[in-house]
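Q: just a sequence and a predicted model for now, questions to come.
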Amino acid sequence: MHRRLLFAITRRRWLIITLLIGAVLLLVPPPRGLEVHGWHVLVIVVVAVLLWVTEAIPLPAVAFVIAFGQVMLTDKGPDQVVMSFWNDSVFFIMGSLMLAVAMVKQRLDRRIAFVLTRISGPRTGRIAFGILVMSAVIASFIGEHTVAGLMLPVVLVLVSSSGEDEAGQRRLAKLLLFCVAYGCIIGGLGTPSGGARNIIVIGYWHRWFDTHVGYATWMKFTYPIVLLQIPPAFAVIWFGMRPQRRELSAAVAALHRQVAEEGRMGPREWAVVGIFAATLAAWITLSDRVGLGIIAVLAATVYLVLDLVQWSDYNTGVNWGVVLVYGAAISLGEAMKDTGAAEWVANGTLSQLAAIGLAAPLALLAVFAGVTLLFTNIMSAGATVAVLAPILLSMAQRAGLHPVIAGFVIALSSAYAYLTVFGTPASTIVYGTGHLRTTDFLRLGWRMAIVSTAIVLLMAALYWPHLSIPRPAG
């Protein structure tokens, strides 16, 4: 009996520790300048972050903890809390996941590999660079976990057919897998549909600053950054994981034979591609009027109507827990803003930064980038943005920085989870092949983190000021 109890306590130690920390903080009087409801929201944030980082309970369960905490510890009623979980941003995340299911069902992975190798030829360096570029381009428009899932079979086919010995295959696999992971991370910056973190920031701009940033406007600010990061990313990967064999002729020939046996793309495959292209056009041209989320779920519905997918495909292929987690994260960010908790933390932090000479605009953006990068390597990008954006955007507003500029730095930096296996879905997926070690991510990741952060700050200083920055509507 005692052993069972000890085992249960040991197994749930982080949950118990987190709940104890939350209980102690609730007993502490609110700090000066912060209302009790604002203090309670910060306690919920601390508890949620600890649960996210330690994974003491399943992530969707953290969403319910956030909802329960708001109802019990703030002045929000249950209807208000539930409504804050659902908005166009959450619809967009849900719809994007559904669109990705349709893409995967048509098994377009080998077609992608065929096109890639036709362009690159058999040379290993060109194939690796092509995988990096193709992963980045596709991940700009659909979720990185989907792109990693599409590209992973391509890599494994090339590795297994390479003719290398075991050591050579492992090194080749590392090279190509990092090209997939880094391509997904870099590409996810390019459009709102590249990651939930992007749409969360867009939602905050709209609700808090009455500023609308559309699909095309986002691309104007961020896609040059995607393109600028590709060459240094390839250099970091290539010199860190240089392969033994410089040509993969046998692997390319085997892949082309497989595609030839499958024949040309059929009407269903072309229909899936065509509908997605129409969806992308609608996001660019109609999102200002009807919203990104409504377009996404409408496209997912069209796939159902045309019998290109079944509801059972969505039901099993979409991680509905992820949708719930993002809804909770957005709701928590709203609570931080509404109760004044974000502003209180922002004011205090800004005063401390000013005291050490870090309140200048570019220095402040560097702080935003560094803090965001640190958090995103220990918990999901969406959760990082949901927790930090209310505070950092409030700091930016108080310091005279345009919230759009600050928001872009936060969103982009939240993508740079290069250092850990669990930082991004793409990294987790490629790590699951067994070819990579956690130390590989650290060895390459710190270099990419420095390069990517430097590029963002340079663009913020030299490129973005020359663009037409969106102003509040009306």
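A: Everything's here; your move. Residues are numbered from 1 along each chain as shown.

Q: and the residue nearest the centre of this structure?
A: residue 195 (4.4 Å; CA atoms, centre = their mean).

Q: pretty sure that residue sits against residue 381.
A: Yes - assessed by CB atoms under 8 Å, residue 195 is found in contact with residue 381 at 6.3 Å. From N, CA and C alone the C-beta is placed, and that goes for glycine too.

Q: between these two, what contacts are shared?
A: With contacts taken as CB atoms under 8 Å, 6 or more residues apart in numbering, residue 195 and residue 381 have residue 415 as neighbours in common.

Q: just list what the helix or strand residue 312 falls within packs against, helices and strands only.
A: Residue 312 belongs to helix 311-317 when elements are defined using DSSP states H and E. If you count contacts as 3 or more CB pairs under 8 Å, 6 or more residues apart in numbering; DSSP states H and E, helix 311-317 packs onto helix 88-105, helix 292-305.

Q: may I see the buried residues of the helix or strand that comes right after it?
A: Heading C-terminal from helix 311-317, the first helix or strand you meet, by DSSP H and E, is helix 320-338. The neighbour-count check on helix 320-338 (16 or more other CB atoms under 10 Å) flags 322-338 as buried.

Q: let me know the average pLDDT across helix 320-338.
A: For helix 320-338, the mean per-residue pLDDT is 79.

Q: just the angle between that helix and helix 88-105, please?
A: 160 degrees (axes from the mean of the first three to the mean of the last three CA atoms, to 10 degrees).

Q: returning to what we had before: and the residue nearest to the centre of the chain, what pLDDT?
A: At residue 195, pLDDT is 80.

Q: which residues does it contact?
A: 143-144, 188-189, 381-382, 415.

Q: need the phi and psi values for it.
A: Phi and psi for residue 195, reported as degrees, to the nearest 10, are phi -180, psi 150.

Q: report the separation between it and residue 275.
A: Note on residue 195: its distance to residue 275, by CB to CB, to the nearest Å, is 22 Å.

Q: now swap in residue 431 and tell me
A: Distance of residue 431 to residue 275, computed by CB to CB: 32 Å.

Q: can you check residue 351 too?
A: Applying CB to CB to residue 351 and residue 275 gives a distance of 52 Å.

Q: then residue 292?
A: 16 Å.

Q: looking at these two, which is more packed in?
A: residue 292 (26 against 18; other CB atoms under 10 Å).

Q: check what pLDDT the more buried one gets.
A: Reading off the model, residue 292 has pLDDT 75.

Q: I figured it hits residue 88, correct?
A: Yes - shown here, residue 292 and residue 88 form a contact pair, counting by CB under 8 Å, at 6.4 Å.

Q: please report the distance of residue 138 from residue 435.
A: Counting by CB to CB, the gap from residue 138 to residue 435 is 22 Å.

Q: and if you look at residue 362?
A: Going from residue 362 to residue 435 by CB to CB gives 40 Å.

Q: higher neighbour count, the two?
A: residue 435 (20 against 13).

Q: assumed that one was part of a helix.
A: No - the assignment for residue 435 (DSSP: H, G, I helix; E, B strand; the rest coil) gives coil, which keeps it out of a helix.

Q: show me the contacts for the nearest residue in space to residue 283 that is not next to it in sequence.
A: Using CB to CB, 6 or more residues apart in numbering and skipping residues adjacent in sequence, the residue nearest residue 283 is residue 215, 4.5 Å away. Counting by CB under 8 Å, 6+ apart, residue 215 touches 191-193, 283-284, 287, 292.

Q: which among those residues gets closest to residue 42?
A: residue 192 (29.0 Å; CB to CB).
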